[in-house]
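J.: I would like the atomic coordinates for the input below:
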Amino acid sequence: MNKRIKKTRNEDMYRAILTLEDGALKGGLFSAVCEWFAGKDGAPLIKGAGIPDRFIGQDTQKAQRAECGLDMDSILDLVIDMMKIL
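T.: Coordinates of the predicted model:
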């Protein structure tokens, strides 16, 4: 789903949406997608990975990404969990 053209797409074709953000989840794309589908019949499964609204301690980028769920293993686990639900 491309944020710039979301209104021109048919939302009925989505069964699951995963947003990955290098910024905060609150107020970002994840929030916008949730608001778009809120109250609609047959809304898809929506999950988001991004920076949580809490302090992230200093560390290497790799460790910080892992703490926020933005490393490859965490993203893969999230996708697998979503596929199990579907």
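J.: can you give me the helices for the chain?
T.: Listed in chain order, the helices of the chain (DSSP state H) span 29-37, 61-68, 72-85.
J.: for residue 51, find the nearest of these.
T.: Closest to residue 51 of the helices of the chain, according to Cβ to Cβ: helix 61-68, at 5.4 Å. For glycine as for every other residue, the C-beta is placed from the backbone atoms N, C-alpha and C.
J.: which elements pack onto that closest one?
T.: Helix 61-68 sits against strand 45-51, with contacts defined as 3 or more Cβ pairs under 8 Å, 6 or more residues apart in numbering; DSSP states H and E.
J.: mean confidence (pLDDT) on the strand it packs on, please.
T.: For strand 45-51, the mean per-residue pLDDT is 93.
J.: give me the residues contacting that strand.
T.: Strand 45-51 is contacted by residues 15-25, 28-30, 33-34, 37, 68-70, 74-75, 78, 82, 85-86 when judged by Cβ atoms under 8 Å, 6 or more residues apart in numbering.
J.: and if we set it to 7 Å?
T.: Contacts to strand 45-51, defined as Cβ atoms under 7 Å, 6 or more residues apart in numbering, come from residues 15-21, 23-25, 28, 30, 33-34, 37, 68-70, 74-75, 78, 82, 85-86.
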